[in-house]
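Q: here are the coordinates; sequence isn't available:
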């Protein structure tokens, strides 16, 4: 079942057309919380140092705009014109340069101290080869010693008993009689999964939307980095640097291009 689209959606924008971009920044997900954004930008600015930053799948500039406002030179790659059009509306967004293109293959001018791909977005690339190409894109733009940062969830397979293929992540009824249910459906053979979102209004009318993903393990990401010529230097549970453990549900990982001799 395809994602519902409006007449304003351009197929070239992929899964994130105007109907998604128009409300994307209104999300109540914790990643949009001002304190979380500030902490994330703190880490990225520290990794950038005196160099430039490249964001793969820059979206609406949730991180790129405040990072640019800190004085970091920021370039973004984004497939969706509808998403990218929102960047300049944010404080600092007019300082972000955007290339419209596919992050698995796009190339931009310049050399960068840090490249980053956050908020589970590497999972939007639904093949292993495509995910490897994201690492190659990052490595191709990094200066010697430059670093690539990925933020992504750990596949929730430990929450599924044998034979189960669905994991709910949000069940939120509201007082008006409607609500929202979110659940992932995973294929443990292909590593493909769909993120499913059901919203029901007080009139009982529901709206269903789904997105395709490919889940990826931390060790698999390390191998992708090695293929692209990078090595792991940090793995944290979050942007605060909490140690990554067997119980962590997500990770922020940093790989490095070899420094100059």
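A: Sure, I can see it. Computed from a predicted structure; not experimentally measured. Numbers count the residues shown, from 1 in each chain.
Q: and the strand or helix carrying residue 255, what's buried?
A: Take DSSP states H and E as the rule and residue 255 turns out to sit in strand 250-256. Neighbour counts over strand 250-256 (16 or more other C-beta atoms under 10 Å) mark 251-256 as buried. In this view, the C-beta of every residue, glycine as well, is placed from N, C-alpha and C.
Q: so for that strand, mean pLDDT?
A: For strand 250-256, mean pLDDT is 98.
Q: what segments of the protein are strands?
A: 53-56, 74-78, 97-100, 112-117, 142-153, 166-173, 179-186, 192-200, 206-214, 231-236, 250-256 (DSSP state E).
Q: return the most buried member of the ones you listed.
A: Highest mean neighbour count among those (mean count of other C-beta atoms under 10 Å): strand 53-56, with a mean of 28.
Q: hmm, back to that, let me know the closest of the buried residues of strand 250-256 to residue 173.
A: The nearest member of the buried residues of strand 250-256 to residue 173, counting by C-beta to C-beta, is residue 251 at 31.2 Å.
Q: need phi/psi at residue 230.
A: Dihedral pair for residue 230: phi -120, psi 160, per degrees, to the nearest 10.
Q: separation between the closest residue to it other than its chain neighbours and residue 84?
A: Distances taken as C-beta to C-beta, 6 or more residues apart in numbering place residue 255 nearest to residue 230, at 4.0 Å, with adjacent residues excluded. Applying C-beta to C-beta, to the nearest Å, the value for residue 255 to residue 84 is 26 Å.
Q: max pairwise distance over the buried residues of strand 250-256: which two?
A: Farthest pair in these, by C-beta to C-beta: 251 and 256, 16.2 Å.
Q: residue 22: which of the buried residues of strand 250-256 is nearest?
A: When these are compared for distance to residue 22 (C-beta to C-beta), residue 252 wins out at 28.9 Å.
Q: which parts of stretch 85-102 count as buried, going by neighbours?
A: Neighbour-count burial for stretch 85-102 [16+ other C-beta under 10 Å]: 86-87, 90, 92-93, 95-99, 102.
Q: just put these in CSV and tack on pLDDT.
A: What follows is those, written out as CSV (pLDDT from 0 to 100):
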residue, pLDDT
86, 97
87, 98
90, 97
92, 98
93, 98
95, 98
96, 98
97, 98
98, 98
99, 98
102, 98
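Q: determine which two of these are furthest apart.
A: The widest separation within these (C-beta to C-beta) is 25.2 Å, between 92 and 102.
Q: residue 198 is in contact with residue 173, correct?
A: No. Checked against C-beta atoms under 8 Å, the pair residue 173 and residue 198 is beyond contact range at 11.8 Å.
Q: how about the helices in the stretch 1-150 of the chain?
A: Using DSSP state H, counting those that start in this stretch, the helices of the stretch 1-150 of the chain run over 18-24, 34-48, 64-69, 81-84, 128-141.
Q: okay, and the beta partners of residue 78?
A: Assessed by DSSP bridges, residue 78 has beta-bridge partners residue 100.
Q: thought residue 61 was touching it, still the case?
A: No. Shown here, residue 78 and residue 61 do not form a contact pair, counting by C-beta under 8 Å, at 9.1 Å.
Q: next, count neighbours for the closest residue to residue 243 other than its chain neighbours.
A: Among residues not flanking residue 243 along the chain, residue 237 sits closest, at 6.6 Å (C-beta to C-beta, 6+ apart). Residues within reach of residue 237, counting by other C-beta atoms under 10 Å, total 17.
Q: so who does residue 144 touch?
A: Shown in contact with residue 144 (C-beta atoms under 8 Å, 6 or more residues apart in numbering): 257-260.
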